[in-house]
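Trainee: need a structure here:
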Amino acid sequence: MDLDDGITLRAADDPTIKNELRRAWIADRLDERLGEFGQTHAVDVVCATWNANGKDVTKLGLDLEPWLRSRAAPAD
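Mentor: Predicted coordinates:
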């Protein structure tokens, strides 16, 4: 495979490398044209865990909805 700088890559004959080069080329073309078919939006993602300590949470009578919907700053 000849590159713009004149270097020949014999490793491009390897199907794994060829597939990676193709994937990277496609990703670059999609990035260049993103404005034609996509929009970007800011998204907040929260990952939370809750330990029920082996208890049946349906019998605890807890309402987790306020905690799950909270927009408070995350803990350190």
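Trainee: drop to CA atoms for contacts and neighbour counts, all remaining ones
Mentor: Will do.
Trainee: sketch out the low-pLDDT regions of this structure for me.
Mentor: Low-confidence segments of the chain, defined by pLDDT under 70: 1-12, 72-76.
Trainee: centroid residue for it?
Mentor: residue 45 (11.4 Å; Cα atoms, centre = their mean).
Trainee: okay, the helix or strand residue 68 falls within in PDB with CA atoms only?
Mentor: Assigned by DSSP states H and E, residue 68 belongs to helix 65-69. Presented in PDB, the C-alpha positions along helix 65-69 are these (Å, rounded to 0.1, in the frame of the first residue of the first chain):
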ATOM      1  CA  GLU A  65     -37.100   7.800  42.700                       C
ATOM      2  CA  PRO A  66     -36.000  11.200  44.200                       C
ATOM      3  CA  TRP A  67     -32.500   9.900  44.600                       C
ATOM      4  CA  LEU A  68     -32.400   8.500  41.000                       C
ATOM      5  CA  ARG A  69     -33.800  11.700  39.600                       C
END
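Trainee: other SSEs contacting it?
Mentor: Helices and strands touching helix 65-69, by 3 or more Cα pairs under 8 Å, 6 or more residues apart in numbering; DSSP states H and E: there are none.
Trainee: how far does that helix sit from its chain's centre?
Mentor: 24 Å (Cα atoms, centre = their mean, to the nearest Å).
Trainee: now that helix: buried residues?
Mentor: Within helix 65-69, no residue counts as buried by 16 or more other Cα atoms under 10 Å.
Trainee: can I get the longest helix seen in the chain in PDB, CA atoms only?
Mentor: Using DSSP state H to define each element, the chain has its longest helix at helix 15-32. Taking C-alpha atoms only, helix 15-32 is exported to PDB below (Å, rounded to 0.1, in the frame of the first residue of the first chain):
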ATOM      1  CA  PRO A  15      -6.200  -8.700   6.700                       C
ATOM      2  CA  THR A  16      -6.300  -7.500  10.300                       C
ATOM      3  CA  ILE A  17      -4.300  -4.400   9.500                       C
ATOM      4  CA  LYS A  18      -6.200  -3.800   6.300                       C
ATOM      5  CA  ASN A  19      -9.500  -4.000   8.200                       C
ATOM      6  CA  GLU A  20      -8.300  -1.500  10.800                       C
ATOM      7  CA  LEU A  21      -7.000   0.900   8.100                       C
ATOM      8  CA  ARG A  22     -10.400   0.700   6.400                       C
ATOM      9  CA  ARG A  23     -12.300   1.200   9.700                       C
ATOM     10  CA  ALA A  24     -10.100   4.300  10.500                       C
ATOM     11  CA  TRP A  25     -10.700   5.700   6.900                       C
ATOM     12  CA  ILE A  26     -14.400   5.300   7.200                       C
ATOM     13  CA  ALA A  27     -14.500   6.900  10.700                       C
ATOM     14  CA  ASP A  28     -12.500   9.800   9.300                       C
ATOM     15  CA  ARG A  29     -14.900  10.300   6.400                       C
ATOM     16  CA  LEU A  30     -17.900  10.100   8.800                       C
ATOM     17  CA  ASP A  31     -16.400  12.700  11.100                       C
ATOM     18  CA  GLU A  32     -15.800  15.000   8.200                       C
END
